[in-house]
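J.: how would this look folded up:
(one chain, ligands or ions: 2)
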Amino acid sequence: MTAADHHADAGIDAGTAAPVTVRVPAKVNVQLAVGGRRADGFHALATVFFAVGLFDEVTARPGEPGEGVTITVEGPDAGVVPTDGTNLAARAAQALATHHGVAADVRLHIAKDIPVAGGMAGGSADGAAALLACDALWGLDTPRETLFALAAELGSDVPFSLHGGVALGEGRGEQLTPVPTQGAFHWVFAVADGGLSTPAVYGECDRLRELAGGPGGADESHVPTPAADRALLDALATGDPAALGAALSNDLQAAALSLRPSLADTLRAGTDAGAIGALVSGSGPTCAFLTKDASDAAAVASALAASGTCRNVRTAVGPVPGAQLS
Ligand SMILES: C[C@](O)(CO)[C@H](O)COP(=O)(O)OP(=O)(O)OC[C@H]1O[C@@H](n2ccc(N)nc2=O)[C@H](O)[C@@H]1O
Ligand SMILES: Nc1ncnc2c1ncn2[C@@H]1O[C@H](COP(=O)(O)OP(=O)(O)OP(=O)(O)O)[C@@H](O)[C@H]1O
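T.: Numbering: from 1, shown residues only. Ligands and ions are numbered 1, 2, ... in the order given. This next block holds a predicted model:
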């Protein structure tokens with residue numbers, strides 16, 4: 001069903017429209033190749049995004065005229081999610097309303113299950129979900145291309161949260177090309193105590209590169225242009241977990257480990273327990289483990305939970321679709 005159909009089904013104007021709920025997945029970057037720092041401060045990327053079955057849900061309800069955007073959050077990490085205009089869901093609602101010249105009067109409720117500041121694009125997911133939910137609530141029927149352009153302005157990861165599945169991200173991560181895959185992959189995620197700031201991790205990556213290469217050593221003129229890894233794309237195309245496990249890579253991992261050395265213990269605990277691949281998810285600190293099948297995933301998850309090297313452990317299957325009306 002399209003956004004327009006959904007609104008038409010509700011059969012009511014925006015003031016009394018029925019609530020709209022959008023479900024949106026987390027991501028892990030199965031490859032994160034980081035090029036040099038660009039003049040605008042962002043880094044050129046070649047990253048393979050992979051959407052996994054851990055979901056947030058964003059529900060949009062009409063607000064009173066003049067009320068603006070309000071945010072409420074539920075879930076174990078609700079206390080650390082901002083509820084003001086800085087929340088990516090609020091920014092998304094505002095950006096969509098401004099684009100169409102309509103009032104951004106909406107109550108957004110986030111049921112948060114994606115770890116916060118964990119490198120799994122939780123805020124980006126809520127931004128993407130809010131774009132879709134408000135589009136349906138307000139009956140705007142925004143072209144998909146426009147939604148992607150608005151998403152890219154909100155953040156580098158937001159377009160992928162709309163897209164879902166598996167996709168190559170270039171530019172600063174916002175330029176997406178679908179990647180063919182076969183079958184389902186079984187993941188385990190070790191969630192850390194506390195988050196890591198994405199800009200701080202990119203900054204640490206630059207610092208480590210400058211230590212190795214001297215002044216300017218982190219700039220585009222010094223760092224090779226990143227490219228997608230053929231072996232990794234083949235592993236995805238053939239649905240081969242062992243080959244994907246061997247090909248996983250993240251250029252931000254050294255920086256995340258430098259800022260949070262204890263993550264090395266987490267990675268080792270998962271590998272010792274039988275994971276066929278392990279890496280820091282995005283900018284971390286969540287660690288992602290690929291396993292052969294569902295029963296290995298359960299075994300790795302219980303070994304990690306018993307290891308004392310993380311706050312909690314989640315299992316998830318992917319790839320899954322991006323943000324969708326539910
Ligand atoms: C680490 C990843 O999650 C991998 O997918 C993303 O690159 C981060 O994406 P994001 O959280 O959506 O990031 P944005 O909100 O666009 O940018 C936040 C900050 O991250 C850094 N940043 C982000 C993306 C990028 N290609 N280069 C960067 O250097 C910049 O310091 C930027 O100011
Ligand atoms: N809807 C939201 N959910 C969670 N955090 C949000 C949200 N909106 C804004 N934030 C802010 O963004 C920061 C990063 O949170 P987020 O969960 O998006 O991190 P992340 O998963 O590491 O992001 P990424 O993987 O995209 O780099 C949080 O500390 C919080 O201050």
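J.: how does this structure divide up, domain by domain?
T.: The chain breaks down into these domains under automatic domain parsing: 3-180, 185-318.
J.: just say which of those is most tucked in.
T.: domain 3-180 (a mean of 21; mean count of other C-beta atoms under 10 Å). In this view, the C-beta of every residue, glycine as well, is placed from N, C-alpha and C.
J.: which parts of the protein are helices?
T.: For the chain, the helices defined by DSSP state H occupy 3-10, 88-100, 122-137, 144-154, 158-163, 198-213, 230-238, 241-247, 253-259, 263-272, 294-307.
J.: and those helices: which comes nearest ligand 1?
T.: Nearest to ligand 1 among the helices of the chain is helix 198-213 (3.6 Å), distances taken as C-beta to the nearest ligand atom.
J.: what is that closest one packed up against?
T.: strand 20-37, helix 253-259 (3 or more C-beta pairs under 8 Å, 6 or more residues apart in numbering; DSSP states H and E).
J.: try 7 Å
T.: Applying 3 or more C-beta pairs under 7 Å, 6 or more residues apart in numbering; DSSP states H and E, one finds that helix 198-213 contacts helix 253-259.
J.: how far is the helix it packs on from where the chain is centred?
T.: What separates the centre of helix 253-259 from the centre of its chain is 19 Å, taken as C-alpha atoms, centre = their mean, to the nearest Å.
J.: nearest to residue 325, out of the domains of the chain?
T.: Among the domains of the chain, domain 3-180 comes nearest to residue 325, with 5.7 Å by C-beta to C-beta.
J.: quick one: mean pLDDT over the closest one.
T.: Taken as a whole, domain 3-180 has an average pLDDT of 93.
J.: quick one: contacts for the residue in the stretch 1-150 of the chain that ligand 2 sits nearest to?
T.: Residue of the stretch 1-150 of the chain nearest ligand 2, by C-beta to the nearest ligand atom: residue 123 (2.6 Å). Residue 123 makes contacts with residue 88, as judged by C-beta atoms under 7 Å, 6 or more residues apart in numbering.
J.: ditto for the one 3 residues further on
T.: Contact analysis of residue 126 by C-beta under 7 Å, 6+ apart lists 56, 58, 88-89, 110.
J.: how much space between the residue of the stretch 1-150 of the chain closest to ligand 2 and residue 30?
T.: 21 Å (C-beta to C-beta, to the nearest Å).
J.: repeat that for residue 310.
T.: According to C-beta to C-beta, residue 310 stands 20 Å off from residue 30.
J.: do residue 283 as well
T.: Residue 283 sits 15 Å away from residue 30 when distances are taken as C-beta to C-beta.
J.: ok, which residues in the stretch 151-300 of the chain are in contact with ligand 2?
T.: Residues of the stretch 151-300 of the chain found near ligand 2 (C-beta under 6 Å from any ligand atom) are 157, 195, 198, 282-283.
J.: please repeat the previous calculation with a cut-off of 8 Å.
T.: Within the stretch 151-300 of the chain, the positions adjacent to ligand 2 are 155-157, 195-198, 281-284, 286 by C-beta under 8 Å from any ligand atom.
J.: and these, which is closest to residue 238?
T.: The shortest approach to residue 238 among these belongs to residue 281, at 23.2 Å (C-beta to C-beta).
J.: I'd say that closest one and residue 120 touch.
T.: Yes: under the criterion of C-beta atoms under 7 Å, residue 281 makes contact with residue 120 at 5.6 Å.
J.: any shared contact partners between the two?
T.: residue 28.
J.: so which bits of the stretch 1-150 of the chain are right by ligand 2?
T.: Within reach of ligand 2 by C-beta under 8 Å from any ligand atom, the stretch 1-150 of the chain has these residues: 26-27, 56, 71, 73, 77, 80-82, 86-91, 110, 112, 114-127.
J.: can you name the residues that contact the spatially closest residue to residue 262 that is not a sequence neighbour?
T.: Counting by C-beta to C-beta, 6 or more residues apart in numbering, residue 309 is the residue found nearest to residue 262 once chain neighbours are left out, at 7.1 Å. Contact analysis of residue 309 by C-beta under 7 Å, 6+ apart lists 190, 265-266, 269.
J.: and those residues, which two are furthest apart?
T.: Pairwise distances across those peak at 10.1 Å for 190 and 265 (criterion: C-beta to C-beta).
J.: show me what contacts residue 129?
T.: By C-beta under 7 Å, 6+ apart, the residues touching residue 129 are 22, 24, 56, 58, 89, 323.
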